[in-house]
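Visitor: Below are the sequence and a predicted model; questions follow.
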Amino acid sequence: QADQILVSFGATTERFLPDNELKKLCLAHDLHMNQAQLKHLGTDSNFETMRRLIEQLRTRCDILTDTEVTDVDRQTLEITARSAKGEQQLHAGKVIFAVGRVGSRFFSGWCSRNGIPLENNQVDVGVRVELPAIVWEDFSKRIYEPKIWYRSKQYGDKTRMFCFNERGSVVTENTDGVLTVNGHSYRDQSRKTENSNFALLSTIRFTEPFKQPIDYARHVASLANLTSGGSVLVQRLGDLENGRRTDAKRLTNSTTRPTLSAVPGDLSLCMPKRQLDNIIETLHALDAVAPGTANYDTLLYGAEVKFYSSRIQLSSELETPLHNFFAIGDGAGTTRGLAQAGASGIKVARVVILQKVSVSEMRRMLHPNAVPAIQFEGKPLNERSIRGVHLFLAVYLVIFVVSCLLVALEQMDLVTVFTAVATCINNVGPGLEIHVGVHVHRAGQDVLAGGVDHLAALCGQSLADFADPAVLHQNIRRLISSRPRVDDPSVFN
């Protein structure tokens, strides 16, 4: 449903499909490629999509820009915000934290001050790699974005290649005063370059007593800012391996022309040795499937870090241990990317609407002659939205009950039956007792139970369509009117 919403505001319907041939090639060199259907939205096109979405939201809720939330009172749910006009207080019945990666530091601090335990999530520190687009063209033309991870032989650490931008540009980002690098790719042909770029980040998981993973990542990025005189660094891979700094003359002689005006320098002066060793080893491993990746003139920009390090314990409805406080998106450490973050917002919206509908029905029982209006974000909900949420809940319960009854035929205990179905239909695995779930192998289950769980997982992934009768009707009409070939990519659009 999140994808349907983005498409309705102008996002592309083109999809890139998994490719087992490329996956097999990677496995032959101990590289592991994660496969999924994906879209290339484009920085420019996505900006327009978000602009249209925001304009629509303005008609349904109040949006405060250039306003910083400084605190939220856990007792009164009073929000303190600061803008050029001064400080103001906002009152809410429920608070949803959707702070994004840029707000993860604020959210972690708020959780700590209010006694909400945080889990030390992974810290991703690395570089943005830039090279000629032709090097990875065999992958990008077929799947667009190769998401590949590699476990280093020296340390056993995991290093990930992702956020691929075909014929794109490297850019800087300012996160609360700390400059990092990222990549953009455009759908407009006139804005494309001769280079492609991707993130290459080494994952480190800290244990007790370390509790500041976000501060650690910020410190690494700050060192790159310091050594570059307030900017970001760029270095040729060959210079890094030879232990010498890339200067302006060496960068001018590079056959890979930089798309970002970064300061030539030495990444080894600001990045931990362990992460750099992992990055260099991974580049040579990637060179086996895309020759030219580890060329001398491959450019490395630093530092690139991801600020999604702190994760809190959330209920299945994404509610925090504090009642009426929810957390969604990348800033809460629960998602990775636009579509997932959007889906988490839709999920919380359904929960809030269901709670309001329940309260409204109780009031209707107490006051039969009253005509209560259910509101969301201060605006009354129309009957279609309420009916969609009711339909979603009804279909969900029917699928859940039927799945439980079918799995119970295998004579499993109640806990296993209930949690196996719950984890699959909600896509949150694993379950209890017998080790089952969408993210684990179901070797402990019989054929019937495993088949039912697979079916429940598929239903859970597509159940969002039932929340909107218009979307459901559109999909049914498409299915009936089209007679696609098995090898037709449009089947998956």
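Guide: Ah, there it is. Predicted model, so just to flag it, every value in this text is computed and none were measured.

Visitor: Skipping adjacent residues, who's closest to the residue most central in space within the chain in space?
Guide: Centroid-nearest residue in the chain, with C-alpha atoms, centre = their mean: Arg336, separated by 1.5 Å. Spatial nearest neighbour of Arg336, chain neighbours left out: Asp330 (6.6 Å); criterion: C-beta to C-beta, 6 or more residues apart in numbering. Bear in mind the C-beta positions are built from the backbone N, C-alpha and C, glycine included.

Visitor: From His367, how far out is the one you found?
Guide: Asp330 sits 43 Å away from His367, going by C-beta to C-beta, to the nearest Å.

Visitor: more crowded one of those two?
Guide: Legend: neighbour count by other C-beta atoms under 10 Å for Asp330 and His367, higher for Asp330 (23 against 10).

Visitor: Show the contacting residues for that one.
Guide: Asp330 sits next to Gly100, Arg101, Ser104, Tyr308, Arg336, Gly337, Ala341 when contact means C-beta atoms under 8 Å, 6 or more residues apart in numbering.

Visitor: would JSON lines of these with pLDDT be doable?
Guide: Output for these, formatted as JSON lines (pLDDT from 0 to 100):
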{"residue": "Gly100", "pLDDT": "85"}
{"residue": "Arg101", "pLDDT": "79"}
{"residue": "Ser104", "pLDDT": "82"}
{"residue": "Tyr308", "pLDDT": "61"}
{"residue": "Arg336", "pLDDT": "75"}
{"residue": "Gly337", "pLDDT": "76"}
{"residue": "Ala341", "pLDDT": "87"}
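
Visitor: Out of the residues you listed, grab the one that's most surrounded.
Guide: In these, the most neighbours by other C-beta under 10 Å go to Ser104, 26 neighbours.

Visitor: State whether that residue and Gly333 are indeed in contact, as I suppose.
Guide: Yes: counting by C-beta atoms under 8 Å, Ser104 touches Gly333, with 7.4 Å between them.

Visitor: residues in contact with the strand or helix carrying Gly109?
Guide: Using DSSP states H and E, Gly109 maps to helix 104-113. The contact list for helix 104-113 (C-beta under 8 Å, 6+ apart) reads 69, 71-72, 97, 99, 117-118, 176, 214-215, 218, 307-310, 312, 320, 327, 330-333.

Visitor: In helices only, show me these.
Guide: Under the assignment DSSP state H, the contacts of helix 104-113 contribute Ile214, Asp215, Arg218 to helices.

Visitor: on that earlier part again, can you pull the pLDDT of the residue nearest to Arg336?
Guide: Asp330 is assigned a pLDDT of 82 by the prediction.

Visitor: Do a quick rundown of the helices in the protein.
Guide: Counting by DSSP H, the helices of the chain are 2-8, 20-27, 43-58, 104-113, 137-143, 213-227, 237-241, 248-252, 273-286, 338-366, 383-408, 414-426, 447-462, 469-481.

Visitor: now for the longest one, which elements pack on it?
Guide: With contacts taken as 3 or more C-beta pairs under 8 Å, 6 or more residues apart in numbering; DSSP states H and E, helix 338-366 sits against helix 2-8, strand 375-376, helix 383-408.
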